[in-house]
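1. model this:
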Amino acid sequence: MKHKIRIEPAGLEFEAEEIDTILEAAEKAGISFPYRCRNGVCTACVCINKNQGQVSYGDLPPIMNDEEKEKGYTFCCIAHALSDITLYHPYIEN
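-> Here you go, the predicted model:
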């Protein structure tokens, strides 16, 4: 199943298969997405989930404190979209 991913403030949209991470889906769509480790550690790919979209981390849950969870931090290098989602990342450009 595919889900629509929207990146703000750039206004970019792409689709993600549930088997792909959000980062992998962005790369397939030709979007330059920041990352370094692809393991949910470095935080370069972290976006803020703006619409309460659902993600799964499978066997690789990120280490987040309660404040980060409340703010909706999403580690896109290991997150798989389970619904349509709007994410905020200030350095992803159109």
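2. let's check: the centremost residue of the chain is which one?
-> Nearest to the geometric centre of the chain sits Cys76, at 3.1 Å (CA atoms, centre = their mean).
3. got the phi/psi numbers for that residue?
-> Note on Cys76: its backbone torsions stand at phi -70, psi -20 [degrees, to the nearest 10].
4. what's the helix or strand bottoming out on mean pLDDT in the chain in contact with?
-> None of the helices or strands of the chain scores lower by mean pLDDT, DSSP states H and E than helix 66-71, at a mean of 90. Helix 66-71 is contacted by residues Ile48 when judged by CB atoms under 8 Å, 6 or more residues apart in numbering. C-beta coordinates here come from the backbone N, C-alpha and C atoms, glycine included.
5. going forward, the N-terminal residue is numbered 41.
-> Taking 41 as the first residue, the last one we looked at is helix 106-111.
6. distance of the residue nearest to the centre of the chain from Ser96?
-> Using CB to CB, to the nearest Å, Cys116 is found at 13 Å from Ser96.
7. Phe73 - nearest residue in space that isn't next to it in sequence?
-> Counting by CB to CB, 6 or more residues apart in numbering, Ala66 is the residue found nearest to Phe73 once chain neighbours are left out, at 4.2 Å.
8. list the contacts of the helix or strand where the one you found lies.
-> Per DSSP states H and E: Ala66 is located in helix 62-68. Helix 62-68 is contacted from outside by 45, 47, 54-57, 60, 73, 75, 78, 85, 87, 95, 114, 116-117, 119-121, 125, 127, using CB under 8 Å, 6+ apart.
9. among those residues, name the ones in strands.
-> Counting by DSSP state E, the contacts of helix 62-68 place 45, 47, 54-57, 87, 95, 114, 120-121, 125, 127 in strands.
10. make CSV from the residues you listed and add neighbour count to it.
-> CSV is the format used below for those (neighbours: other CB atoms under 10 Å):
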residue, neighbour count
Ile45, 23
Ile47, 24
Phe54, 19
Glu55, 14
Ala56, 27
Glu57, 14
Cys87, 24
Val95, 20
Thr114, 26
His120, 20
Ala121, 26
Ile125, 25
Leu127, 25
